[in-house]
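Student: following is a predicted model, sequence given first.
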Amino acid sequence: MDLEFFDAPQPFLDVAGDLLASDPVLGSVISSVTQRTARELADGRDSWAEADAPFDRWWLAVRDGSGAVVSAAMRTAPFKPYPTFAMPMSDDAARALATALHERGEFLGGANGALPGAEVLARATAELAGGEMVSDKATRLWEATAVDVPRAPEGTLRPATEADAELVLAWFTAFHEEADEQAGREPDPTSGEHNTLDSILVRIREGVEWLWELPDGTVAHLTGSGLPSYGVARIGPVYTPREFRGRGIASYVVGELTRRGLEAGHRMCLFTDRANPTSNKIYAELGYELVVDMAEHLVTVPPTP
């Protein structure tokens, strides 16, 4: 088994592309993030400079004894604790990755992705660092091969425009904070995906952010539906402000965007928080089926005396 690190997205995709394409739902996070980064660099931008991380981002291909790529991971999250995200990975590969990072002096504060590999990586990291592993957020990856779109509420589904950018940015932030509340966790404004107005404008120009507008023109809901990667598009985030909940807007919008994706020939997936029974129930009723459970594990170390 060999670990092959990359410091740029395209060489990684050249090596790991067949693996990502062979299981594009499981690989959807890695492939979509990596392809977005490649597009960004091709456009002359590099948002990683804004992350202020104490390490250089990387991608990883895991090769078996025959040289075939059998797993992949990345450390590209621009927010603390800068967690990794990994596809299913053997225990041996996870321990080898923990050792490799430890030996080069790179502390890994969090490991996200498919179980049990993500947990093994975090536990091995904690052991090497003399710290402790803490289970944080448990998630589920779902796929819909068919969808039952509910009746549409009053209003209109439309793509977000650049004039909506500040609202979309505010709702991205609110989504992460309220997701913690709904799952019974203390809201942590430093967790989750961090966005800027520039990054939101990129998403809007890609046509991946959608809004629900009430008959009086009030915008009442946001759902993202990402660009396909290896034929898979991922729904999220899904956010309705409190005052507009209970009208069936989220169920309809997710169902409709899923229907459009399936009709376009894409495979459609999304993540839920396992601690939020409402979202799990809603998406199951739409036709989404469980693919795999994932989780993020944090690694803490005692303070230096």
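Tutor: Good, I have the coordinates.

Student: contacts and neighbour counts: CA atoms only from here.
Tutor: Fine.

Student: strands of this protein, start to end?
Tutor: Along the chain, counting by DSSP state E, strands occupy 2-6, 58-63, 69-75, 84-86, 110-114, 132-144, 156-159, 209-213, 219-225, 232-239, 267-273, 288-300.

Student: can you point me to the longest helix in this protein?
Tutor: Criterion DSSP state H: the longest helix present in the chain is helix 165-182.

Student: residue ranges with poor pLDDT in the stretch 151-300 of the chain?
Tutor: Residues of the stretch 151-300 of the chain that meet the criterion pLDDT under 70 lie in 179-194.

Student: apply 50 and report the result again.
Tutor: For the stretch 151-300 of the chain, not a single residue meets the criterion pLDDT under 50.

Student: S31 contacts L227, correct?
Tutor: No. Applying C-alpha atoms under 8 Å as the test, S31 and L227 come out as separate, 10.8 Å apart.

Student: those two: which is more packed in?
Tutor: S31 (25 against 20; other C-alpha atoms under 10 Å).

Student: excluding covalently adjacent residues, which one is nearest to the more buried one?
Tutor: Spatial nearest neighbour of S31, excluding adjacent residues (C-alpha to C-alpha, 6 or more residues apart in numbering): S229 at 6.2 Å.

Student: count of neighbours near the one you found?
Tutor: When neighbours are defined as other C-alpha under 10 Å, S229 has 24 of them.

Student: then A144?
Tutor: With other C-alpha under 10 Å as criterion, A144 counts 22.

Student: now swap in R203 and tell me
Tutor: 20.

Student: so who does V147 touch?
Tutor: Contact analysis of V147 by C-alpha atoms under 8 Å, 6 or more residues apart in numbering lists G255, T258, R259, L286, G287, Y288.

Student: surely the last one is in contact with L141?
Tutor: If I follow you right, that is Y288. No. Counting by C-alpha under 8 Å, L141 is not a contact partner of Y288; they are 9.4 Å apart.

Student: who has more neighbours, these two?
Tutor: Ranked by neighbour count (other C-alpha under 10 Å), Y288 and L141 place Y288 first, with 24 against 21.

Student: any idea how far T76 is from the more buried one?
Tutor: 28 Å (C-alpha to C-alpha, to the nearest Å).

Student: do V62 as well
Tutor: Counting by C-alpha to C-alpha, the gap from V62 to T76 is 17 Å.

Student: buried ones in stretch 75-89?
Tutor: 75-89 (16 or more other C-alpha atoms under 10 Å).

Student: which stretches of the stretch 1-150 of the chain form helices?
Tutor: Ranges of helices within the stretch 1-150 of the chain are 9-22, 28-42, 91-103, 117-129, based on DSSP state H, counting those that start in this stretch.

Student: and this structure, what are its domains?
Tutor: 2-140+295-300, 156-286 (automatic domain parsing).

Student: let me have those in JSON lines, extended by distance to V147.
Tutor: Listed next are the domains of the chain as JSON lines, based on distance: least, C-alpha to C-alpha, whole Å:
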{"stretch": "domain 2-140+295-300", "distance to V147": "17"}
{"stretch": "domain 156-286", "distance to V147": "5"}
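
Student: tell me if I'm right that I204 and T161 touch.
Tutor: Yes. With contact defined as C-alpha under 8 Å, I204 and T161 form a contacting pair (6.2 Å).

Student: neighbour count: these two, which is higher?
Tutor: I204 (21 against 16).

Student: tell me the contacts of the more buried one?
Tutor: P159, A160, T161, E162, A165.

Student: my guess is M133 contacts L121. True?
Tutor: No. Assessed by C-alpha under 8 Å, M133 is found out of contact with L121, at 9.9 Å.

Student: out of the two, which sits in the busier spot?
Tutor: In this view M133 and L121 are compared by other C-alpha under 10 Å, and L121 has more residues nearby, 31 against 22.

Student: distance of the nearest residue to the more buried one once chain neighbours are set aside from L214?
Tutor: Nearest non-adjacent residue to L121, counting by C-alpha to C-alpha, 6+ apart: A94, 4.7 Å away. According to C-alpha to C-alpha, A94 and L214 sit 48 Å apart.
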